[in-house]
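A.B. asks: the following comprises the amino acid sequence and a computationally predicted model.
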Amino acid sequence: MSDLSRPERVLYSLAAIAIVAGALKAASGILVPALLALFIAIVCTDPMYWLIRQGLPKWLAIVLVVVMLLVITSAFPLVISGSYVEFTRELPLYQQRADTLLRQAATWVSHYGYDYDAESIRAVFDPAAALGYVQVVLAALGGILSRYLLIMLLVIFILVDVPQTVNNRSTPAGEIVKTVQHYFAIKTFTSMLTGGLISIWLLILDVQYPLLWGFLAFLLNFVPNIGSVLAAIPAVILSLLFDGYVSALIVMIGYVLINVGVSNGLEPRIMGQQLGLRFVWIFVSLIVWGWILGPVGMLLAVPLTMTLRIALEKHPKTIWIANILVPENLIKSTGEQAEEAQEKPVS
């Protein structure tokens, strides 16, 4: 590559990136459970090593951590499975009511001199199609639950073989592990708080399937910026279809207040320097990882991109790429970055 011109190197690099991205997409069926298991194991290493420091043998610490993980994660399918089945069964009814609502909206608009029919309004926004997309997303997450046992086995194998050096922040691997642990710990707490508050709010307003929409809000809160908006769509549409515009507006106000309070008020205070990524690259990562790995890729987009950024920072030749990803107020001087990259080479 050294005898190539700069445009040729750029062209070859872009071609290599495209080939790798295509290969990752082709292998997404294997990568998704593997990446989920890896990130779950990373989160579990901290409590595992805490139990080991308390004097427990490693095998017992792993058993306790896995049992706790099974208890927590198995509760979600039990809570939402009934709601999801009923929602899927009633979906044709919701689509009929959506068609009725569109016809009413077309009649209302025609009174003001605008010649729009239901099909024209549907081209702008179709509530039935939006509810159908919700079913697709939930079905994709249900596919992950079908591989639940495989993911848990991978988590156990990773915990058994993980070296204790990953808990040392002075190493590149340790810095990645600590950053991911910090992100997931805070994001899980704020997501559970958001999902719980939304479930309570919808229960008070008597919106159908409040636990299902609270669970969806919990999951999509891991998708920065657009996740909370997507999570609000099904509950607002159902409220609109069955209770009218005023009820839908009240539901929407509740979503806005809860998400603004938690995501923009509480989360930045405990997240510290936030994600260490520019907003535009967070959005791009959602698109890229969502295309490669599907809906789960959007949930993992931020930790995957943060891991990539940290790895790029450790090589003098790729520091400039990491600087593109980082907000200006977090960029270190070139001398500091080069010195750190030489002192801590990637193993």
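C.D. replies: In hand now; what should we look at?
A.B. asks: show me what counts as buried in stretch 204-223.
C.D. replies: By 16 or more other C-beta atoms under 10 Å, the buried positions in stretch 204-223 come out as 207-223. In this view, the C-beta of every residue, glycine as well, is placed from N, C-alpha and C.
A.B. asks: first-to-last residue distance for that stretch?
C.D. replies: End-to-end distance for stretch 204-223, by C-alpha to C-alpha, to the nearest Å: 26 Å.
A.B. asks: cool, and stretch 219-236?
C.D. replies: Using C-alpha to C-alpha, first and last residues of stretch 219-236 are 17 Å apart.
A.B. asks: got it, and stretch 158-173?
C.D. replies: 14 Å.
A.B. asks: pLDDT of that stretch, averaged?
C.D. replies: Averaged over stretch 158-173, pLDDT sits at 73.
A.B. asks: and stretch 294-304, by the same measure?
C.D. replies: In the prediction, stretch 294-304 has an average pLDDT of 83.
A.B. asks: of all residues in the protein, which one is nearest the centre?
C.D. replies: Taking C-alpha atoms, centre = their mean, the centroid of the chain lies closest to Leu299, which sits 2.0 Å from it.
A.B. asks: from Arg97, how far off is the closest residue to it other than its chain neighbours?
C.D. replies: Leaving aside its sequence neighbours, Leu299 sits nearest to Phe222 (C-beta to C-beta, 6 or more residues apart in numbering; 4.7 Å). Using C-beta to C-beta, to the nearest Å, we find Phe222 at a distance of 31 Å from Arg97.
A.B. asks: cool, and Phe87?
C.D. replies: 14 Å.
A.B. asks: give me the more crowded residue out of the two.
C.D. replies: Neighbours were counted for Phe87 and for Arg97 using other C-beta atoms under 10 Å; Phe87 has more, 21 against 17.
A.B. asks: within the helices and strands, which one has the more buried one?
C.D. replies: helix 58-110 (DSSP states H and E).
A.B. asks: and what of Tyr133?
C.D. replies: helix 127-146.
A.B. asks: tell me the helix or strand right after that helix.
C.D. replies: helix 148-161.
A.B. asks: residue contacts, Arg97?
C.D. replies: 241-242 (C-beta atoms under 8 Å, 6 or more residues apart in numbering).
A.B. asks: how much space between it and Ile233?
C.D. replies: Taking C-beta to C-beta, one finds Arg97 at 16 Å from Ile233.
A.B. asks: what does Glu267 give?
C.D. replies: In terms of C-beta to C-beta, Glu267 sits 21 Å off from Ile233.
A.B. asks: check Val20 too.
C.D. replies: 33 Å.
A.B. asks: now for the chain, the helix or strand with the poorest mean pLDDT.
C.D. replies: Between all helices and strands in the chain, the lowest mean by mean pLDDT, DSSP states H and E belongs to helix 334-343, at a mean of 49.
A.B. asks: show me the contacts for the residue nearest to Pro234 when sequence neighbours are not counted.
C.D. replies: Counting by C-beta to C-beta, 6+ apart, Pro234 lies nearest to Val134, which is 4.6 Å off, once chain neighbours are set aside. Each residue near Val134 by C-beta under 8 Å, 6+ apart is listed here: 216, 233-234.
A.B. asks: so which of the residues you listed would you say is closest to Ile258?
C.D. replies: Among the contacts of Val134, Leu216 lies closest to Ile258 (C-beta to C-beta), at 13.5 Å.
A.B. asks: so that closest one sits against Ala231, correct?
C.D. replies: Yes - taking C-beta atoms under 8 Å as the definition, Leu216 is a contact partner of Ala231 at 5.2 Å.
A.B. asks: give the residues shared as contacts by these two.
C.D. replies: In contact with both Leu216 and Ala231: no residue, using C-beta under 8 Å, 6+ apart.
A.B. asks: show me how far the helix or strand containing Ile200 is from its chain's centre.
C.D. replies: Following DSSP H and E, one finds Ile200 within helix 172-204. Its chain's C-alpha centre and that of helix 172-204 lie 10 Å apart, by C-alpha atoms, centre = their mean, to the nearest Å.
A.B. asks: quick one: list the elements packing against whichever helix or strand comes after that helix.
C.D. replies: Going down the chain from helix 172-204, the next helix or strand is helix 210-220, by DSSP H and E. Packing partners of helix 210-220 (3 or more C-beta pairs under 8 Å, 6 or more residues apart in numbering; DSSP states H and E): helix 58-110, helix 127-146, helix 172-204, helix 227-243.
A.B. asks: what angle do helix 210-220 and helix 227-243 make?
C.D. replies: For helix 210-220 against helix 227-243, the angle by axes from the mean of the first three to the mean of the last three C-alpha atoms, to 10 degrees is 160 degrees.
A.B. asks: quick one: residues in contact with helix 210-220.
C.D. replies: With C-beta under 8 Å, 6+ apart, helix 210-220 has contacts from 76, 79-80, 83-84, 87, 134, 137-138, 141, 191-192, 194-196, 198-203, 207, 227-228, 230-232, 234-235, 299.
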